[in-house]
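Peer 1: with the sequence up front, the predicted model follows.
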Amino acid sequence: MCPSLFTSQDEWNSGYAEGRRYRPLNDDERTLLARHVPAPDGGRALDVGCGTGELALHLASMGYTVDAVDWADAAFPSTDAHHDHGPSRQAVRRLHLDIERANLSPLHSEGYDLIVLRMVYAFLRDRTRLARTLGRRLRTNGALVVVTPLAATTPAERRGIALDEDEIAHLTSMWDRALRFDANGMAVLVLRGLKKPAVQITHTPLPQSSAVTAVHAVVTDPLGRVLLGRSEQRGWELPGAPVAPGEGFEDTAVRALAEQTGVMADPSDAHVIGVHLDAPDGLSRTSATVRITAHAGPVQPVESDVFGHVDWRAPHAVRRLDRLSATSARALDLVWPGVLPYVPSARAYPVDGTCPPVPGESPEAVERRERMADRVIGGGWAPSLPVQQALRTVPRHRYTPESTLRTAYHSDLAVVTEHNHRAEPTSSVSAAWLQADMAEHLRLAEGMTVFEGGSGGYNAELIAYVVGPAGRVITVDLSPYVVRRTRRLTAEAGSGRVTAVLGSATDGAAAHMPRGGFDASVITYNCWDIAPAWRDQLADGRFLVLPLEVHGYTRAIAFRKHGRVLRATDFTFCGFVRDRGPSARAVPAVDLADGELQLRFPDGVPAETAALDDAFAGPRHEVATGVTVAGNESFETLQLFLATTLPGFCRLARNHDRGSGIAALPKRSDAATITADGSLAHLTHVFVQDGRTPEQRRSEFLAHGFGPSGPALAEQLAAAVRRWDVHERAHGYPELEAHPAGTPDAELPAGHVLDKTHSRLVWTWRSDAAYAPAVRPEKVSAHD
């Protein structure tokens with residue numbers, strides 16, 4: 001397998017674990033680094049995609065203090081195994097981090113003098129966004145260095161590891177200063193001075209004061225590409241013109257399209273979708289956006305004084321243009337919200353009219369959609385024919401206009417569509433396999449009315465396809481931008497059976513609910529609790545699917561409604577963006593050991609932690625469980641078993657990689673923990689058996705205890721792991737019922753109760769009968 005085929009963490013982990021090495025650092029690269037980016041006093045460098053650590057150690061030998069980042073956890077042990085570190089090792093801090101999707105707070109807060117992406121940039125899903133994100137972390141006079149193979153000299157089957165000249169030109173156009181060198185056949189780019197916008201948005205000078213109302217025409221070809229014209233003075237623009245006396249917006253759009261490009265359309269196929277108001281030169285300007293849904297005729301620049309060149313461009317490629325007029329940028333954003341990373345502000349008045357869907361997609365899009373569907377179906381996530389047909393039919397890329405086809409149709413990737421001010425994802429189009437799995441668990445049928453909490457467009461249209469012409473989907477989101485985006489994209493490419501509503505999804509959609517309740521409900525963001533409206537507005541006997549947080553572990557759980565009770569039928573390991581509505585809940589946390597560690601209480605009141613610092617100052621008690629797992633084996637049920645059966649459950653995490661090493665915590669996540677009497681025990685694991693394949697490599701669970709009661713707590717934790725191994729491991733998830741808050745204990749089934757604000761979750765494990773045949777409801781949710 002070559003790196004060009006690596007698209008997931010597991011593949012990279014396997015590659016590193018099997019000892020594969022990729023193109024070592026060469027002398028030309030070392031010489032160029034020394035000459036063009038020597039380390040200043042106190043210099044700090046970031047090595048993105050550090051792999052085995054060879055480059056990070058070389059930067060440290062140059063005098064940099066280095067943060068080495070990689071998303072493959074197997075890369076880090078390779079560093080220790082294959083390099084003679086010497087003193088350079090002390091100058092390297094290793095971070096396990098997905099640089100594109102994770103919160104970047106672990107990176108150095110004061111920025112970097114040097115950021116290097118060596119043989120990494122071609123693999124990125126959103127190159128422009130990440131380049132700008134990293135560029136903003138450069139210190140004054142800092143440099144971003146990209147080392148990449150070239151497409152022209154790379155075999156076709158390995159094209160995915162290389163950049164072509166257009167891709168390099170786009171990258172360098174984002175910087176004030178760009179130097180390019182050759183290093184043994186690879187391009188070395190040294191970039192300084194990040195320009196502000198990803199695409200230069202220019203303001204078109206206003207005409208005379210008598211002509212301040214203009215129209216832009218948005219037209220696409222059968223491949224889904226938008227028509228743009230270029231002039232030397234103004235850069236790229238949509239066809240458009242001032243409104244002539246007595247003309248309507250639709251007539252102006254059709255006239256401008258014909259006069260400037262030779263493309264003919266009928267005013268009946270022209271639809272106003274919005275108006276912008278701005279005043280760049282002190283004069284008020286009105287700009288209307290008109291969507292053309294049908295056209296004919298060859299494309300050619302008819303008016304040479306307007307456009308010297310016209311061309312069709314895929315929507316996602318518009319952000320790579322060198323210059324784009326501000327009014328055209330706003331018009332494109334009205335048609336495809338999010339297609340550009342930056343749009344100049346103006347007062348916008350979208351028109352929710354009757355613009356019909358506009359067809360158009362490339363053969364590549366069809367081919368990639370088929371391959372995505374094949375992967376999802378082959379993975380067992382879409383066993384039913386209706387869901388399979390939906391995956392093969394609904395054009396996913398048209399609901400992610402900012403992404404390439406490769407990203408849109410990657411079956412394992414979510415496409416982030418909105419960020420908050422901290423650059424954290426707040427809305428996304430989820431991975432296709434997970435959307436298919438949740439749709440299957442809804443048990444959909446033709447003619448159903450379905451509620452969706454959390455909008456995006458694609459998931460709603462998948463469901464709309466399955467429920468057919470007589471069905472409909474009501475999708476609710478609290479973000480005005482997400483709702484606007486969903487309405488526009490479903491109007492552009494949808495079935496006409498999706499209604500997007502602005503509001504809090506926790507309130508449901510009573511105004512749109514059919515008599516008897518919704519036939520199915522799905523929530524597409526992490527939920528700490530089950531909102532009463534979701535149960536109350538669901539028809540009896542029907543299914544609710546939602547990603548539910550249980551002590552911080554998330555599972556997409558399908559519940560079937562039985563009167564006032566919800567009974568779980570299916571569980572899927574997953575993760576979504578977190579709730580940010582009125583039911584959002586911050587996780588209580590307490591720092592320990594001078595900030596090295598943090599104790600988190602996702603489902604409980606923080607315990608008394610004053611004595612825990614003293615506990616960590618004492619000896620560590622270790623208990624081996626004798627329970628092992630293979631390298632590719634899931635132990636997802638163990639997480640929930642411990643969380644729902646052990647009193648005093650919480651989570652222990654490292655705040656940063658450096659420290660005294662008090663607690664041997666897993667690298668990829670925090671650890672299951674229990675506390676009592678000023679003491680603590682947490683679960684970890686150690687590697688005990690090597691092998692050539694993940695199935696042959698095994699790790700053993702250990703319990704570590706601290707404090708006076710630490711040994712007893714460690715024994716309790718280890719005993720619970722053994723209990724899971726004997727009674728639960730081979731059987732999957734437990735029985736789970738969700739009862740309304742306030743339900744008396746006497747009315748609950750036997751099991752372990754996790755109390756939330758609006759619900760009481762009762763977990764019944766197979767081992768409960770073996771250990772406590774007469775067990776009644778037992779509260780394990782909080783610290784008293």
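Peer 2: Looks like it came in fine.
Peer 1: all strands for the stretch 251-400 of the chain, in order.
Peer 2: 270-278, 285-292, 309-313, 323-325, 347-350 (DSSP state E, counting those that start in this stretch).
Peer 1: relative to Gln260, which of those is closest?
Peer 2: Gln260 lies closest to strand 309-313 among these, at 7.7 Å (Cβ to Cβ). Bear in mind the C-beta positions are built from the backbone N, C-alpha and C, glycine included.
Peer 1: who are the packing partners of the closest one?
Peer 2: Identification of packing neighbours for strand 309-313 by 3 or more Cβ pairs under 8 Å, 6 or more residues apart in numbering; DSSP states H and E yields strand 226-231.
Peer 1: if you compare the strands of the stretch 251-400 of the chain, which one is most tucked away?
Peer 2: strand 285-292 (a mean of 25; mean count of other Cβ atoms under 10 Å).
Peer 1: tell me what it is packed against?
Peer 2: Using 3+ Cβ pairs under 8 Å, 6+ apart, strand 285-292 sits against strand 213-219, helix 249-261, strand 270-278, helix 326-335.
Peer 1: let me have the ones you listed in JSON lines, extended by mean pLDDT and distance to Ala533.
Peer 2: Below are those laid out as JSON lines (pLDDT from 0 to 100; distance: least, Cβ to Cβ, whole Å):
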{"stretch": "strand 213-219", "mean pLDDT": "95", "distance to Ala533": "38"}
{"stretch": "helix 249-261", "mean pLDDT": "95", "distance to Ala533": "41"}
{"stretch": "strand 270-278", "mean pLDDT": "94", "distance to Ala533": "32"}
{"stretch": "helix 326-335", "mean pLDDT": "95", "distance to Ala533": "32"}
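Peer 1: follow-up on the earlier one: could the strands of the stretch 251-400 of the chain go into CSV alongside distance to Glu402?
Peer 2: Below are these laid out as CSV (distance: least, Cβ to Cβ, whole Å):
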stretch, distance to Glu402
strand 270-278, 18
strand 285-292, 18
strand 309-313, 14
strand 323-325, 15
strand 347-350, 18
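Peer 1: so which of those strands gets nearest Asp477?
Peer 2: Across the strands of the stretch 251-400 of the chain, closest to Asp477 is strand 347-350 (Cβ to Cβ), at 15.7 Å.
Peer 1: which one's the longest strand in the protein?
Peer 2: strand 538-550 (DSSP state E).
Peer 1: next up, the contacts around Arg30.
Peer 2: His58 (Cβ atoms under 8 Å, 6 or more residues apart in numbering).
Peer 1: what's the first helix or strand after the least confident helix or strand in the chain by mean pLDDT?
Peer 2: Every helix and strand of the chain was ranked by mean pLDDT, DSSP states H and E. The lowest is helix 75-82, at a mean of 47. Using DSSP states H and E, the helix or strand that follows helix 75-82 in sequence is strand 92-96.
Peer 1: check which helices and strands that following strand sits against.
Peer 2: helix 54-61, strand 65-70, helix 75-82.
Peer 1: report the angle between it and helix 54-61.
Peer 2: 150 degrees (axes from the mean of the first three to the mean of the last three Cα atoms, to 10 degrees).
Peer 1: mind exporting strand 92-96 as PDB, just the C-alpha atoms?
Peer 2: Listed next in PDB are the C-alpha coordinates belonging to strand 92-96 (Å, rounded to 0.1, in the frame of the first residue of the first chain):
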ATOM      1  CA  VAL A  92      10.500  18.100  20.900                       C
ATOM      2  CA  ARG A  93       6.900  18.000  22.300                       C
ATOM      3  CA  ARG A  94       4.800  15.400  20.600                       C
ATOM      4  CA  LEU A  95       1.000  16.000  20.100                       C
ATOM      5  CA  HIS A  96      -1.500  13.500  19.000                       C
END
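Peer 1: next helix or strand past that strand?
Peer 2: Assigned by DSSP H and E, the successor of strand 92-96 is strand 112-118.
Peer 1: list the strands paired with that following strand, with their directions.
Peer 2: Applying DSSP bridges, strand 112-118 is found paired with strand 44-48 (parallel), strand 138-148 (parallel).
Peer 1: just how off-centre is the first one within its chain?
Peer 2: Pointing back at strand 44-48 there. 23 Å (Cα atoms, centre = their mean, to the nearest Å).
Peer 1: and the angle for it with strand 65-70?
Peer 2: Using the same axes, to 10 degrees: strand 44-48 against strand 65-70 is 10 degrees.
Peer 1: residues making contact with strand 44-48?
Peer 2: Contacts of strand 44-48 (Cβ under 8 Å, 6+ apart): 39, 55-56, 59, 64-69, 99, 107-108, 110-118, 120, 134, 137, 139.
Peer 1: selecting buried members of these in ChimeraX, what would you type?
Peer 2: A single ChimeraX command suffices to select whichever of those are buried according to 16 or more other Cβ atoms under 10 Å:
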select :39,55,56,59,64,65,66,67,68,69,99,107,112,113,114,115,116,117,118,120,134,137
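Peer 1: please report how far the nearest residue to Arg347 once chain neighbours are set aside lies from Leu179.
Peer 2: Nearest-residue entry for Arg347: Leu277, 4.3 Å, with adjacent residues in sequence omitted and distances by Cβ to Cβ, 6 or more residues apart in numbering. Here Leu277 is placed at a distance of 43 Å from Leu179 (Cβ to Cβ, to the nearest Å).
Peer 1: swap in Ala279?
Peer 2: 41 Å.
Peer 1: between these two, which one's more packed in?
Peer 2: The residue with more neighbours, out of Ala279 and Leu179, is Leu179; 15 against 12, by other Cβ atoms under 10 Å.
Peer 1: is that one in a bridge, and if so with what?
Peer 2: Taking DSSP bridges as the rule, Leu179 bridges to Val190.
Peer 1: surely it is in contact with Leu189?
Peer 2: Yes: here Leu179 reaches Leu189: they are 7.2 Å apart, a contact under Cβ atoms under 8 Å.
Peer 1: could you give the angle of the helix or strand containing Thr486 to strand 285-292?
Peer 2: Element membership of Thr486, judged by DSSP H and E, is helix 480-493. Using the same axes, to 10 degrees, the inter-axis angle of helix 480-493 relative to strand 285-292 is 40 degrees.
Peer 1: going by contacts, tell me the helices and strands next to helix 480-493.
Peer 2: Using 3+ Cβ pairs under 8 Å, 6+ apart, helix 480-493 sits against helix 326-335, strand 415-419, helix 458-467, strand 472-477, strand 498-502.
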